[in-house]
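Asks: Have a look; sequence and predicted model below, questions after that.
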Amino acid sequence: MAPRFLTKFIECLHPKEDGNNMISATFHAITITLISMSLVDLTWFKISDATCVPYLTLGQFFWFGFTKDEGSYIDYHCLNSTIVNMMRTMILLCFMSIIFALLGFFLDIIGPKSLFYRMVRKYAVLGTCTVLWIMAILSMSYDVVLLLEDSLDKTTSDSDTGVNYGLGVYLVGAAGGVSCLGIIYTLILTFKSAAYRNDDDICLIDESNDSLDTYNSPSPPPPYVPPPPYSP
């Protein structure tokens, strides 16, 4: 029982190219979960100013004319059209990240037989694209913070104002870290497993050849012994 379990565990760690990869699929699933959580009513930016909205979430910008207490974003002087468009662009980038992570999840679960899809999975193309989308989201979040700070400086004279990141931004950053771990596993451990399988195959072939040579090699003929000399 124990050797069989150990064999299954090693197969999970070192999957075949056309088999399912449950560990990589788990990394994709965690990435999807974290990004999806950031899209709900979680704070992305905390604004400490009495004249502006106290916080911003991506859920507030799903509709045209973000409303809070039956008001529009144009009622707040700290929010301009550039900030609103950037928030909506981040929503689009979050969905792109989810789509690419979901495609990678399905490739790892199904275990594609086509050479193209196997190469896509082997070189972690979808995971790399997911990380690039997340990097774009974090870069835009930094730009939004700068724009909010600049807008607050123009609309208020209070020196205690400021903008901080919320939980939603940290969840997206964590999703990028999880996706990077999945890429490292796919690129490093998968290549090593292929090398191990090749070494094992070579060893098995050598052992089988040695055993065949042992059993199939013809025995040498006995040495020639001349007959005794003839004596009448």
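Replies: Noted; the coordinates are in hand.
Asks: what about this protein, any weak spots by pLDDT?
Replies: Low-confidence segments of the chain (pLDDT under 70): 1-19, 50, 64-76, 157-159, 189-221, 224-227, 230-232.
Asks: Swap in 80 and give it another go.
Replies: Applying pLDDT under 80 to the chain flags the ranges 1-20, 49-52, 62-78, 111-113, 154-161, 189-232.
Asks: Just the helices from it, written as ranges.
Replies: Assigned by DSSP state H, the chain shows helices spanning 2-13, 22-39, 81-110, 115-122, 125-155, 167-184, 190-216.
Asks: of these, which approaches residue 57 most closely?
Replies: Residue 57 sits nearest to helix 167-184 of all the helices of the chain, at 6.6 Å, using Cβ to Cβ. No exception for glycine: its C-beta is placed from N, CA and C like everyone else's.
Asks: Using PDB, list the CA coordinates for the closest one.
Replies: Only the C-alpha atoms of helix 167-184 are listed here, as PDB (Å, rounded to 0.1, in the frame of the first residue of the first chain):
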ATOM      1  CA  LEU A 167      -7.200  44.900   0.900                       C
ATOM      2  CA  GLY A 168      -8.200  44.500  -2.800                       C
ATOM      3  CA  VAL A 169      -4.800  45.700  -4.000                       C
ATOM      4  CA  TYR A 170      -3.000  43.300  -1.700                       C
ATOM      5  CA  LEU A 171      -5.200  40.400  -2.800                       C
ATOM      6  CA  VAL A 172      -4.200  41.000  -6.400                       C
ATOM      7  CA  GLY A 173      -0.600  41.200  -5.400                       C
ATOM      8  CA  ALA A 174      -0.900  37.900  -3.600                       C
ATOM      9  CA  ALA A 175      -2.600  36.400  -6.700                       C
ATOM     10  CA  GLY A 176       0.500  37.400  -8.700                       C
ATOM     11  CA  GLY A 177       2.800  35.800  -6.200                       C
ATOM     12  CA  VAL A 178       0.800  32.500  -6.300                       C
ATOM     13  CA  SER A 179       0.900  32.600 -10.100                       C
ATOM     14  CA  CYS A 180       4.700  33.100 -10.000                       C
ATOM     15  CA  LEU A 181       5.000  30.000  -7.700                       C
ATOM     16  CA  GLY A 182       2.900  28.000 -10.200                       C
ATOM     17  CA  ILE A 183       5.200  29.200 -13.100                       C
ATOM     18  CA  ILE A 184       8.300  28.200 -11.100                       C
END
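Asks: That helix to helix 22-39, inter-axis angle?
Replies: Angle of helix 167-184 versus helix 22-39, following axes from the mean of the first three to the mean of the last three Cα atoms, to 10 degrees, is 160 degrees.
Asks: Who are the packing partners of helix 167-184?
Replies: Judged by 3 or more Cβ pairs under 8 Å, 6 or more residues apart in numbering; DSSP states H and E, helix 167-184 is in contact with helix 22-39, helix 81-110, helix 125-155.
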